[in-house]
Every structure is written in C-alpha cells, then in structure tokens.
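Here is the input, now give the coordinates:
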Amino acid sequence: MPWMNPMHPSVKSFSKVLIRALAVLCSIGLVFIPIGQASLALNDGQALVLETWRLVNEGYLEPLKFDQIQWRRLRQKALEKPISTSEDAYSAIEEMLLPLGDPYTRLLRPKDYEAMKASNLGSEINGVGLQLGARNEDGQIVVIAPLEGSPASDEGIPSGTILLKVNGESPQRLGLEATAARLRGEVGSQVILEIQPPNETVKEITLERRSVDLRPVRTKRLRNEANTIGYLRITQFSEGVPEQVKEAIQELSEKDIEGLILDLRNNSGGLVSSGLAVADAFLSNKPIVETKNRDSVNDAIPSDAETAYDGPMVTLVNKGTASASEILAGALQDNGRSQLLGSRTFGKGLIQTLTNLSDGSGLAITVASYLTPNGRDIQNLGIEPDRLLEMPEPLNPGGSEDRWLQDAEIYMRANIERTKSEEAEQEEFSKGIEGLDENVVN
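Residues are numbered from 1 along each chain as shown. Just a heads-up that it's a prediction; the model follows:
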C-alpha cells in the first residue's frame, strides 16, 4: 500500500521542497572572501566556517534575526580568528551560531553526526536511554522521556527533568548531540548525572550503561467477554517504523479488533517523513500538517485516499510526546479522527534539515515550523488533549498497572458499545421506513 513507503507522494512533495532548498544552499562557489582591502585564500577550516554561514544565511527560518545579531559581522569575526585545525573551525562556528538563540540550529561534529544518523536507523543503543530536547528560552537540555526498559526508566527520571551535568560537563555548553554522545558508551560503564526533576531539588545519580532495545513499534490485544481492542504503541519515528506499523495493523486486524488505542506517550519524534507516512495509515484524503518557511505558509500536506485502519480509535499522549508525534496527534485531533487522552504534549514545532558538511561533520538548520491542519502553532505550546487523565502519570506505559491505558480502554469500549447501539437503532428505523413504503404502495 502506498502509504507505507516513507516517501509516499505527499511525503515526497514535502521532501522535494527541502531537497530543492538544500540544492540552493549547497551551491557554494566562492573560496575567497574580502578581509580588509585584500582578498585572501581560505584554508579548509575557514572554508568550513564560510560554508556553514552561507547554508544558515540561505535557509534559516527567521532571517529578521540576522539584522538583530549583526549576522554578517559574526561571519567576519569568525574568519578573523586563527583557524588551523578542525576543532578551531568547530569552535568558531559554534560561537557564530550562538547569538541566533536557537538550540536546534547547530553544528554536529563527525562522531556526533554519525551517532545521530545511526539512531534513526538502528534497533538498539548502548547507553542510559534518555531522549533529550533543548529548551528554547535558555538552551537548557531537558529530558523529553526515558526509553522503556532503560537505566533512566528504571531510575524513574521524569519528563521535564533538567540535565545539569554529565560527568562534570555542562550539557548546556555541550549541546544536544555532544550530550547524547556522553550518555552512550560501553555496556557496564557508568555515567554520573546531576539532574533537577520538576519541582524537586538538584540531585546526583549514577547510571550504568547497557544495551537498550528500541523496539519502536509494539502491539497487543486487550480482550474481555464483550469485544477485542488493539493496542499499538510507537515510541519513535525511525526509518523502518511505517512498514512496522503496517504489519502491526494487519496483524491486529486479522484478530478481529473492534477498536484501536494508539499510544504516542514518550515518543520524542524522529524522522518527519516517517511520522507523515504513519498519519497516512489513519487518515483518508485529509490534511496532515501545514509548514511555514521563511517566506510563507505552504498548503497542508494531504494524506492518501487509502488507509490501513479506518475503525474507531483513541490516542494517548503526554509531556514526552514531541515533534513528529505531535504532528500525528494534531492531525488526528483536528480531523476528528481520534480523541486525545492524557496530558499536554511537549511543544516542539520546528523542522530542521540535516546537511553533510565538506569535512564529514553535519549542520542542523531550523528551516520551517509546522502547524496543525487547523493552523495551531505547537512550538513551546504543545497540544491540549480532549480529555486530561488523572495525575500522577503512570511510569509503565503499556504495563499491567498503567492506569491511563485502563482509562483509554474503558473509553474505547464505551464508544464501541455506543456505536453498536446507534447502528442497531438505525437498522430498526430503516426497517420501519421500508414497511411504511410497502403499506403506501398496497
């Protein structure tokens, strides 16, 4: 089915926009820049700084910021620094990007860049299992959610926890990828964290790294004597997830489910194209998301006509639901396809392109923001569910003591019974109308 391809037509159109943008951005022709009155040849490190500056200059979402921070002067200052090594260039680039105040527009050193790409492809990681985000207002690195079955989950680290130190280093200074790299490592090794959970004091903890099975798609059946409900949990949108979701829905459908609970709790996002492809599984000819670039708001990306599942459903969300999973949740809510239950989502509504730089490092640039089909901005706001569930939130999504899942199951079963009752009433009414027509004819 076409929706299962992560690059289905609607997603392809979205990707082509970014590819065209990158094609323009990557046409770097000049290798000289005037400094003072002379024209000086650039070494490799200086050329990398210039390459980065141009990519950001052409693609960044908010060009009005450039005047506020004297963007051209920042380029000049960076090139005036002594740059003779890759590390010199990286430091100059990071200093140049810092005044933008956007933690998501950032340089990724080669090792961090490879690790990020691997996380979108692999099925397991060696580390502590923290999904991280950067707080826009101050650049603090915060926990979006711990991965299920990870050391961080076992420790009970909640969403919204501020990560203050990793082995004595400041995550705020390191940035997202370098912090994530510090948390990964050899199985059995330890990492010391200084954290501040929401509404709590600062504390220090030690976690032992281990292999964490990502298992991004999980399913089970919830049965009683009246009906059978399918449970589908998606913990991230990596490359293979759309195909796994297709297989999971087919398997559940073969078991005659009458409704579906979609669980997006602690799903911190991932590949936007995968999130769009999964939205295609549930929506038929409906808008999924609008994107706003530096020039305008683009038309909404539509879903295909064919769906993998069109039965009744309800969706669980929480503070760990972010980015691509918020796109999916917003589309389901705005189109009236699914009620959202849980708590307000994280609120990451920015889209980044990831570009290979000439030395093997990478550059992430915020090039667009996304809006739900009804035009709601998610950035820093999140999505309010249709029904708030009782706090505190369960720490074991999908487990036997998951109160929120139990609430969703009760809600789903009530909807199924109500639908059956309405269908029975409609059938009786139709029979009555047919009998009336016969009497009139006679």
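
Wait, a helix at Lys220?
No - following the definition DSSP: H, G, I helix; E, B strand; the rest coil, Lys220 is strand and is not counted among the residues of a helix.

And for it, the neighbour number?
13 (other C-beta atoms under 10 Å). Using the backbone N, CA and C atoms, a C-beta is placed for each residue, glycine as well.

Might you report the residue contacts of the nearest residue in space to it that is not next to it in sequence?
Spatial nearest neighbour of Lys220, excluding adjacent residues (C-beta to C-beta, 6 or more residues apart in numbering): Tyr231 at 5.0 Å. For Tyr231, the contacting residues are 219-222, 260-261, 263, 398, 405, taking C-beta atoms under 8 Å, 6 or more residues apart in numbering as the criterion.

can you check Leu328 too?
Leu328 touches 264, 275, 278-279, counting by C-beta under 8 Å, 6+ apart.

quick one: Gly160 from Gln46, how far?
Taking C-beta to C-beta, to the nearest Å as the criterion, Gly160 is separated from Gln46 by 41 Å.

nope, Leu193 is what I meant
37 Å.

mind checking pLDDT for Asn120?
Asn120 carries a pLDDT score of 62 in this model.

Let me fix that, I meant to ask about Gly330.
In this prediction, Gly330 carries a pLDDT score of 96.

can you check Lys117 too?
As summarised for this prediction, Lys117 has a pLDDT of 74.

Pull the number of nearby residues for it.
14.

Pro302 too?
Count around Pro302 with other C-beta under 10 Å applied: 18.

Residues in a beta bridge with it, which ones?
Pro287 (DSSP bridges).

Tell me which residues touch it, please.
Taking C-beta under 8 Å, 6+ apart as the definition of contact, the neighbours of Pro302 are 10, 285-288.

any idea how far Pro197 is from it?
Using C-beta to C-beta, we find Pro302 at a distance of 41 Å from Pro197.

With Ser369 instead?
Computed as C-beta to C-beta, the Ser369 to Pro197 distance reads 29 Å.

who's more crowded, these two?
When neighbours are counted by other C-beta under 10 Å, Ser369 comes out ahead of the other of Ser369 and Pro197, with 19 against 16.

tell me how far the host helix or strand of the more buried one is from the chain's mean position?
Assigning secondary structure by DSSP states H and E places Ser369 in strand 362-371. Here strand 362-371 is found 12 Å from its chain centre; the criterion is C-alpha atoms, centre = their mean, to the nearest Å.

Could you do stretch 198-206 as well?
For stretch 198-206, the distance between its averaged C-alpha position and the chain's averaged C-alpha position is 26 Å (C-alpha atoms, centre = their mean).

And for stretch 238-258?
With C-alpha atoms, centre = their mean as the basis, the distance from the averaged C-alpha position of stretch 238-258 to the chain average is 20 Å.

again, but for stretch 380-394
Computed by C-alpha atoms, centre = their mean, the separation of stretch 380-394 from the middle of its chain amounts to 17 Å.

First-to-last residue distance for it?
Chord length of stretch 380-394, first to last residue, is 24 Å (C-alpha to C-alpha, to the nearest Å).

Kindly provide the distance from Val166 to Leu174.
Here the criterion is C-beta to C-beta. By it, Val166 lies 7 Å from Leu174.

hey, what's the closest residue to Leu176 other than its chain neighbours bridged with?
Taking C-beta to C-beta, 6+ apart as the measure, Leu176 lies nearest to Ala134, with 5.5 Å between them; neighbours along the chain are not counted. Listed beta-bridge partners, Ala134: Ile141 (assigned using DSSP bridges).

Could you tell me the per-residue confidence at Pro373?
Confidence at Pro373, expressed as pLDDT, is 94.

Thought Gln333 was touching it, still the case?
No - with contact defined as C-beta atoms under 8 Å, Pro373 does not reach Gln333; the gap is 9.1 Å.

and for those two, which residues touch both?
Shared contacts of Pro373 and Gln333 (C-beta under 8 Å, 6+ apart): none.

circling back to that earlier point, would you mind pulling up the elements that the strand holding Ser369 packs against?
helix 44-59, strand 106-108, helix 110-119, strand 287-292, strand 350-356 (3 or more C-beta pairs under 8 Å, 6 or more residues apart in numbering; DSSP states H and E).

ok and it relative to helix 110-119, angle-wise?
Going by axes from the mean of the first three to the mean of the last three C-alpha atoms, to 10 degrees, strand 362-371 is angled at 50 degrees with respect to helix 110-119.

Where does the prediction get shaky in the protein?
Under the criterion pLDDT under 70, the flagged ranges of the chain are 1-40, 118-124, 136-137, 423, 429-442.

Could you rerun that using 50?
Counting by pLDDT under 50, the chain shows low-confidence ranges at 1-9, 15-39.

domains for it, by residue range?
The chain is divided into the following domains under automatic domain parsing: 2-107, 124-212, 217-418.

Quick check: chain neighbours aside, which residue is closest to the residue nearest the centre of the chain?
Nearest to the geometric centre of the chain sits Gly269, at 1.9 Å (C-alpha atoms, centre = their mean). Distances taken as C-beta to C-beta, 6+ apart place Ser323 nearest to Gly269, at 2.7 Å, with adjacent residues excluded.
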